[in-house]
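Engineer: quick one: sequence plus predicted model below, questions after.
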Amino acid sequence: MTTQNIDLNEYYGVQTIGITKQFDGVKALDDVSLTIPIFGITSIVGPNGSGKSTLVNLITGVLPYDEGTVVIETNAFKVIHAHETPDHGITRTFQEVRLFDQMTVWDNIMVVLTNRKLFPSMAERSKSEHHEKAEEILKQVGMWEKREAMAEDLSYGQRKLLEIGRAMALDVQVYILDEPFAGLFPQMLERVKDLLRELRDNGRTVVFISHNMDIVRELSDHIIVLESGKFLLAGEVEDILNRPEVIRAYLGT
């Protein structure tokens, strides 16, 4: 990972500077510069095709960016590799949940708590603190009673909770969640809201993508709006969502 130290006027969780990404000659993100505050919950919103998921994929190393710089806390990166991001204080969940389906709920957490590598972690002698932490996380996300279940046998909502638990097990500063509320029944949805609030209250940087404006208004301390691959606006939620340019972006008028 290419890195350099930079001076910041303020302390941010994540910054992007001139990030650009093209697919088949079409710019999915075009010279996007934005800041995510280190404290609070930040939502990333915008119409379909605005570049939200692409932005998250670039920040977390899932996709390489063509131009620009990503700043995580005070380190600037020209190249990010996904497997290295937890070492630099950032992790994420996916819109399509990614788990080790042939492993139990318990082992999905233990893999992360040991050395983050699948086969060595299975052979590693588990320490008592790993067990204690796994129990704490599974109880926190409401999955303790399912600890012996295979991940592939979980409901959609339970899979979402387990994925969030896996992210929490990394114990990093920045948590980015791509559509964490999509497709959840009300009880599960409320539990995920509570988990995001707990992360924020523990001083973590929480970022989420959502199309649900009611949830965005309820949870967000800050909001970032993208439109057609470009940064549009950022600021306090009610002020931004009531701006004419944001309303036009969503309504297409």
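Structural biologist: The structure has been received and is ready for your questions.
Engineer: tell me the domain boundaries of this protein?
Structural biologist: Using automatic domain parsing, the domains assigned to the chain come out as 1-88+205-253, 90-171.
Engineer: could you dump those domains to JSON lines with distance to Leu177 and mean neighbour count?
Structural biologist: C-beta here means a position set from N, CA and C on the backbone, and glycine is covered the same way. Shown next, in JSON lines, are those (distance: least, Cβ to Cβ, whole Å; neighbours: other Cβ atoms under 10 Å):
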{"stretch": "domain 1-88+205-253", "distance to Leu177": "4", "mean neighbour count": "17"}
{"stretch": "domain 90-171", "distance to Leu177": "5", "mean neighbour count": "17"}
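Engineer: could those go into JSON lines alongside distance to Pro186?
Structural biologist: Output for those, formatted as JSON lines (distance: least, Cβ to Cβ, whole Å):
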{"stretch": "domain 1-88+205-253", "distance to Pro186": "12"}
{"stretch": "domain 90-171", "distance to Pro186": "10"}
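Engineer: which of the ones you listed sits closest to Lys193?
Structural biologist: domain 1-88+205-253 (6.2 Å; Cβ to Cβ).
Engineer: can you give me the strands for the protein?
Structural biologist: Per DSSP state E, the chain carries strands over the ranges 3-5, 12-23, 26-37, 40-45, 67-72, 75-77, 90-93, 174-178, 205-209, 222-227, 230-235.
Engineer: weakest of the ones you listed by average pLDDT?
Structural biologist: Lowest mean pLDDT within the strands of the chain: strand 3-5, a mean of 37.
Engineer: hmm, back to that, now distance to Glu135 too, for the strands of the chain, in JSON lines please.
Structural biologist: Putting those into JSON lines (distance: least, Cβ to Cβ, whole Å) gives the following:
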{"stretch": "strand 3-5", "distance to Glu135": "36"}
{"stretch": "strand 12-23", "distance to Glu135": "29"}
{"stretch": "strand 26-37", "distance to Glu135": "31"}
{"stretch": "strand 40-45", "distance to Glu135": "26"}
{"stretch": "strand 67-72", "distance to Glu135": "30"}
{"stretch": "strand 75-77", "distance to Glu135": "33"}
{"stretch": "strand 90-93", "distance to Glu135": "20"}
{"stretch": "strand 174-178", "distance to Glu135": "21"}
{"stretch": "strand 205-209", "distance to Glu135": "23"}
{"stretch": "strand 222-227", "distance to Glu135": "33"}
{"stretch": "strand 230-235", "distance to Glu135": "39"}
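Engineer: Leu199: neighbour count?
Structural biologist: By other Cβ atoms under 10 Å, the residues close to Leu199 number 18.
Engineer: ok, now which ones touch it?
Structural biologist: When contacts are counted by Cβ atoms under 8 Å, 6 or more residues apart in numbering, Leu199 touches Met168, Tyr175, Val206.
Engineer: got the confidence number for it?
Structural biologist: Predicted confidence (pLDDT) for Leu199: 96.
Engineer: assess the claim that Val56 and Arg92 are in contact.
Structural biologist: Yes - counting by Cβ atoms under 8 Å, Arg92 is a contact partner of Val56 at 6.5 Å.
Engineer: so which of the strands of the chain is nearest Glu129?
Structural biologist: strand 90-93 (19.8 Å).
Engineer: separation between Glu163 and Val225?
Structural biologist: Going from Glu163 to Val225 by Cβ to Cβ, to the nearest Å gives 26 Å.
Engineer: hang on, I meant Asp66
Structural biologist: Taking Cβ to Cβ, one finds Asp66 at 22 Å from Val225.
Engineer: figure out which of the strands of the chain is closest to Thr104.
Structural biologist: Nearest to Thr104, of the strands of the chain and by Cβ to Cβ, is strand 90-93 at 19.3 Å.
Engineer: who does that closest one pair with, and is each partner parallel or antiparallel?
Structural biologist: Strand 90-93 has its sheet partners listed here by DSSP bridges as strand 174-178 (parallel).
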